[in-house]
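1. sequence plus the predicted model coming up.
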Amino acid sequence: MTTAPAGVWLITPGHTPTRFTSAHTAGADVALVDLEDSVPPAAKPTARTTAHAFFTHPDTPAGCTLGIRINAPTTRESTHDLAALADYPVPPAIILIPKVEAPHDLDFVASALGAPDRRPLLYGLIETPQAVQNLSEIVRSEHLSGLLFGTADYARSIGATRAWEPMLYARSALVTHAAAAGIPVIDSPYFDLDDQDGLHAEAVRVRDLGFRGKSCVHPRQVATVARVFRPTPEQLAHARAIVAAAEDAAGGIVRIGHQMIGPPMVQDARDLLARTPTDETTEGATP
């Protein structure tokens, strides 16, 4: 099981430093400052300069991992982004790489980062048909720590809508390949900021499909996604009961309530407990 960050991700434009405080304190597991799609071309030089303050902000709570989304490796902007990162006083813990279509995209970023002591986790953003076709090669990259799905670009590139059915094949492919590689996969944002019910429903669906988290584009979405991806006290207690019963039965099949519990369910319970902080006590761990 991976230890790379999953859960609730929040993405904030790099050219709007007035939003950095809300990004840090919204309660996300991962907060990313963005240099790519949310930044207009004319503002990109300002964004990459301003973004260094995102990593030295005094209001960042413990448990929130900070990262950055650079521009696609095939663009000139990405070269400028990576050069700027070398001068950040505090390096990002995560770099999200958009438009990843092959292992060489990850190789390019990893080689440009230079010093091993400033080597962040690399996540690949999968958002094209070519990327989905090449997932078996991409997940074998030694540089890859996790995947994200980008529905907006993927839907546009195949001429589909972002509805559940058109995106199901790609989502299933990401989950399958990420699981085979032992890395987490994080779902795309939900873009209707006023539809909390729709956000919750989609978060439940992707969680049940196997995603380990979902990204957000506004702080008001964080609590809703957190309720889905962070376990309740009841779920944690049930997981502990499963593990204890399995240990008492020396690994044999046991019954808890009306359920027969076999090795796959026991491993699920162990995985849940392993990726949950020991002080998780409030329902859904909502901020």
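-> Perfect, I can see it now. Numbering: from 1, shown residues only.
2. assign the most centrally placed residue in the chain to helix, strand or coil.
-> Computing the C-alpha centroid of the chain and ranking residues by C-alpha atoms, centre = their mean puts Ile186 first, at 3.9 Å. With DSSP: H, G, I helix; E, B strand; the rest coil as the basis, Ile186 sits in strand.
3. list the contacts for it?
-> With contacts defined as C-beta atoms under 8 Å, 6 or more residues apart in numbering, the neighbours of Ile186 are 6, 9, 123, 146-149, 211-215. To be clear about C-beta, it is placed using only N, CA and C from the backbone, and glycine gets the same treatment.
4. hmm, Gly146 and Ala4 touching each other?
-> Yes - using C-beta atoms under 8 Å, Ala4 is in contact with Gly146, at 4.9 Å.
5. shared neighbours, these two?
-> In contact with both Ala4 and Gly146: 121, 123, 183-184, using C-beta under 8 Å, 6+ apart.
6. so for stretch 55-73, mean pLDDT?
-> Mean pLDDT, stretch 55-73: 88.
7. would you mind measuring from Leu66 to Ile94?
-> Going from Leu66 to Ile94 by C-beta to C-beta, to the nearest Å gives 7 Å.
8. try Arg162
-> Relative to Ile94, Arg162 is positioned 25 Å away (C-beta to C-beta).
9. go on, Ser141?
-> In terms of C-beta to C-beta, Ser141 sits 16 Å off from Ile94.
10. kindly report the same for Glu101.
-> Counting by C-beta to C-beta - Glu101 and Ile94 are separated by 20 Å.
11. do the same with Val243
-> Relative to Ile94, and taking C-beta to C-beta, Val243 is found at 30 Å.
12. neighbour-wise, which of the two wins?
-> Counted by other C-beta atoms under 10 Å, Val243 and Ile94 do not tie: Ile94 has more neighbours, with 21 against 17.
13. bridged to that one, which residues?
-> With DSSP bridges as the criterion, Ile94 is bridged to Gly67, Leu121.
14. low-scoring stretches of the stretch 1-150 of the chain, by residue?
-> 1-3, 115-118 (pLDDT under 70).
15. all the strands of it, in order from the start?
-> 7-13, 30-34, 65-69, 94-97, 121-126, 144-149 (DSSP state E, counting those that start in this stretch).
16. just want the angle from the last one to strand 65-69.
-> Note on geometry: by axes from the mean of the first three to the mean of the last three C-alpha atoms, to 10 degrees, strand 144-149 and strand 65-69 are set 70 degrees apart in direction.
17. ok, back up a step: the residue nearest to the centre of the chain and Leu35, how far apart?
-> 18 Å.
18. over to Thr18?
-> On the measure of C-beta to C-beta, Thr18 and Leu35 end up 17 Å apart.
19. how about Leu199: what's its closest non-neighbour residue?
-> Sequence neighbours aside, Tyr190 is the residue nearest to Leu199 in space, at 4.4 Å (criterion: C-beta to C-beta, 6 or more residues apart in numbering).
20. show me what contacts the one you found?
-> The neighbourhood of Tyr190, defined by C-beta under 8 Å, 6+ apart, consists of 198-199, 202-203, 214, 216, 221.
21. what's the nearest residue to Phe55 if we skip its chain neighbours?
-> Leaving out its chain neighbours, the residue that sits closest to Phe55 by C-beta to C-beta, 6+ apart is Val90, at 4.1 Å.
22. how many residues are close by the residue lying closest to Phe211 once chain neighbours are set aside?
-> Once flanking residues are discounted, Phe211 sits nearest to Asp187: 4.7 Å by C-beta to C-beta, 6+ apart. Residues within reach of Asp187, counting by other C-beta under 10 Å, total 27.
23. surely Asp187 is in contact with Gly213?
-> Yes - using C-beta under 8 Å, Asp187 is in contact with Gly213, at 7.0 Å.
24. the longest helix in the protein is where?
-> helix 164-181 (DSSP state H).
25. what does that one contact?
-> Residues contacting helix 164-181 (C-beta under 8 Å, 6+ apart): 126, 132, 135-136, 138-140, 144, 146-147, 149, 151, 154-155, 158, 160, 184-185, 187, 202, 205-206, 209-211.
26. any idea where the helices of the stretch 1-150 of the chain begin and end?
-> Counting by DSSP state H, counting those that start in this stretch, the stretch 1-150 of the chain has helices at residues 20-25, 44-50, 76-85, 103-113, 129-133, 135-138.
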